[in-house]
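Asks: let's see this in three dimensions:
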Amino acid sequence: MPGTAASDWGFPSTPGQARTERNAMSTDTEKHRELLGALRDSQGKGDGSFEKAVTAAFEHVFEHLARLNDHVSPGGPDGGDRHLQPGESPTLR
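Replies: Numbers count the residues shown, from 1 in each chain. Got it, this is the predicted structure:
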């Protein structure tokens, strides 16, 4: 699982990382299509594949929620202080 830094989730922390964000979005779009395809293909089979597809889809939703929380929460998921940026004073956080 990626770390708690925004850049670990594909969010640019510097202007030069915008390309990384676009690549992450592209990968996410592919993942969404894959998850939706698995849901469609497994409906009505009765072999447990639909339940597995639903579980995979919800796991991905929770990944998105964790990513969003890490991005907007200055304390990160554990509620602690965020890491200092290079050159940032701990008193000016």
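Asks: for this structure, which segments count as helices?
Replies: With DSSP state H as the criterion, the chain has helices at 18-42, 49-72.
Asks: including distance to Pro86, could the ones you listed go into a markdown table?
Replies: C-betas here are computed from N, CA, C, even on glycine. Conversion of the helices of the chain to a markdown table gives the following (distance: least, C-beta to C-beta, whole Å):
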| stretch | distance to Pro86 |
| --- | --- |
| helix 18-42 | 18 |
| helix 49-72 | 19 |
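Asks: give me the number of residues near Asp70?
Replies: For Asp70, the neighbour count with other C-beta atoms under 10 Å is 21.
Asks: could you check the pLDDT of it?
Replies: pLDDT for Asp70: 73.
Asks: count of neighbours near Ala56?
Replies: When neighbours are counted by other C-beta under 10 Å, Ala56 registers 15.
Asks: roughly how far does the residue nearest to it when sequence neighbours are not counted sit from Asp28?
Replies: Nearest-residue entry for Ala56: Leu35, 6.1 Å, with adjacent residues in sequence omitted and distances by C-beta to C-beta, 6 or more residues apart in numbering. As judged by C-beta to C-beta, to the nearest Å, Leu35 and Asp28 stand 10 Å apart.
Asks: these two - which one has more neighbours?
Replies: Set Leu35 next to Asp28 and count neighbours by other C-beta under 10 Å: Leu35 wins out with 18 against 15.
Asks: which helix or strand in this structure has the lowest average pLDDT?
Replies: helix 18-42 (a mean of 80; mean pLDDT, DSSP states H and E).
Asks: quick one: contacts for the nearest residue to Leu36 once chain neighbours are set aside?
Replies: Take Leu36 and drop its neighbours on the chain: the residue closest to it by C-beta to C-beta, 6+ apart is Ala57, 8.0 Å away. Counting by C-beta atoms under 8 Å, 6 or more residues apart in numbering, Ala57 makes contact with 35-36, 38-39.
Asks: could you dump those residues into TSV and include distance to Pro90?
Replies: Formatted as TSV, the contacts of Ala57 follow (distance: C-beta to C-beta, whole Å):
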residue	distance to Pro90
Leu35	42
Leu36	45
Ala38	47
Leu39	47
